[in-house]
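**Student:** mind looking at a prediction? Sequence and model below.
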Amino acid sequence: MPDTLGLAAIVTKFALYLGVMTAAGTVMATLMFRLDRTRVLAAAFAVLGLTATILAFSLRGASLTGDVSGMIDPEMLGLLWTTSVGTALLLRLVGLSLLIAGLFMGRFGTWVSVLGGVIALWSFDHVGHVSSRGTTLLDIALTLHLLAVALWIGVLTPLKRLSSSPDTYNLAADVGHRFGVVATVSVPALIIVGGYMGYQLVGTFTALVGTGYGQALIIKVLLVGGLLGLAAANKLRFIPALRAGDPAAASHLSKSISVEWIVILTVLGTTALLTTYLTLPT
């Protein structure tokens, strides 16, 4: 079991994933679906991402020294800065700062925010299990995976808000329909890319079922399967019913999105465990 520093690293990694993915996804969804009233949401999660980014970097210093003092050890942190961990830190600081700055630049600022979000997401290519493989195709797969997941996460809260008021039911139906169209391409790509990355990281069926990493990956896949089921219900039942003028569909959609968020948080937590505490099968 992880010690106190290990638990802190897992929690911080979870906050990092949540902050970066939600902030980047929110500005992407804002641009693609012409959403409004998303500035505060994107800024709040970007600040969470920035805070978690700095804390995660400091905790890496503590993990190297085996003591909390490593979090502020200039020599240790300076050494980390020269590694891929420092590169990831720089990309996240620049990306999330651009994202926040773009929120206050008017219409053009949305593009700046999206660029910042993409840079922040790209930082995950530089650290972690995928980066350790040193394979360009795997790096591209991870980037596509993160972009698709971020967009999915980013559209949920605005869509839930729109489906919670009779005045915006029509807009909720329109946004939900357009996201469903995008999902017909992004979801299959997400499945294919996720399967490819899982195969490359685990390698064999024995490693999948016989190691802690593989078992956690199975749990993550099952959760994503449930998430896809909820998304299918939204696309095939609730959104069409809402477009047809059924007000009850709005309530069903809102509840479905709440459950999606619970599953997403669980998936992010499982991913934090995978990337922080569990090691790849050998």
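**Tutor:** That came in fine, so what should we check first? Residues are numbered from 1 along each chain as shown.
**Student:** what stretches of the stretch 101-250 of the chain score poorly on pLDDT?
**Tutor:** Scanning the stretch 101-250 of the chain for pLDDT under 70 picks out the ranges 129-134.
**Student:** all the helices of it, residue numbers only.
**Tutor:** Assigned by DSSP state H, counting those that start in this stretch, the stretch 101-250 of the chain shows helices spanning 107-122, 129-133, 136-162, 169-202, 205-210, 212-233, 239-243, 247-276.
**Student:** and the first one, C-alpha only, in CSV?
**Tutor:** Right, the one you point to is helix 107-122. What follows is helix 107-122, C-alpha atoms only, in CSV (Å, rounded to 0.1, in the frame of the first residue of the first chain):
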residue,chain,number,x,y,z
ARG,A,107,-13.8,36.2,-29.0
PHE,A,108,-10.2,35.7,-30.2
GLY,A,109,-9.3,34.6,-26.7
THR,A,110,-11.2,31.4,-27.1
TRP,A,111,-8.6,30.2,-29.6
VAL,A,112,-5.8,31.2,-27.2
SER,A,113,-7.5,29.3,-24.5
VAL,A,114,-7.9,26.2,-26.7
LEU,A,115,-4.2,26.4,-27.7
GLY,A,116,-3.3,26.6,-24.0
GLY,A,117,-5.5,23.6,-23.2
VAL,A,118,-3.9,21.6,-26.0
ILE,A,119,-0.4,22.4,-24.7
ALA,A,120,-1.4,21.4,-21.2
LEU,A,121,-2.8,18.1,-22.5
TRP,A,122,0.4,17.5,-24.5
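**Student:** one step back: quick one: which of the helices of the stretch 101-250 of the chain is nearest Leu41?
**Tutor:** helix 136-162 (6.0 Å; C-beta to C-beta). Heads up, the C-betas are built off the backbone N, CA and C, glycines and all.
**Student:** quick one, the closest one and helix 212-233 angle?
**Tutor:** 40 degrees (axes from the mean of the first three to the mean of the last three C-alpha atoms, to 10 degrees).
**Student:** show me what counts as buried in helix 136-162.
**Tutor:** Across helix 136-162, burial judged by 16 or more other C-beta atoms under 10 Å covers 138-139, 141-162.
**Student:** now do stretch 170-177
**Tutor:** 171-176.
**Student:** generate CSV for the helices of the stretch 101-250 of the chain, with distance to Leu59 as supplementary columns.
**Tutor:** Listed next are these as CSV, based on distance: least, C-beta to C-beta, whole Å:
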stretch, distance to Leu59
helix 107-122, 19
helix 129-133, 18
helix 136-162, 22
helix 169-202, 23
helix 205-210, 28
helix 212-233, 21
helix 239-243, 42
helix 247-276, 10
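**Student:** right, I'll leave it there.
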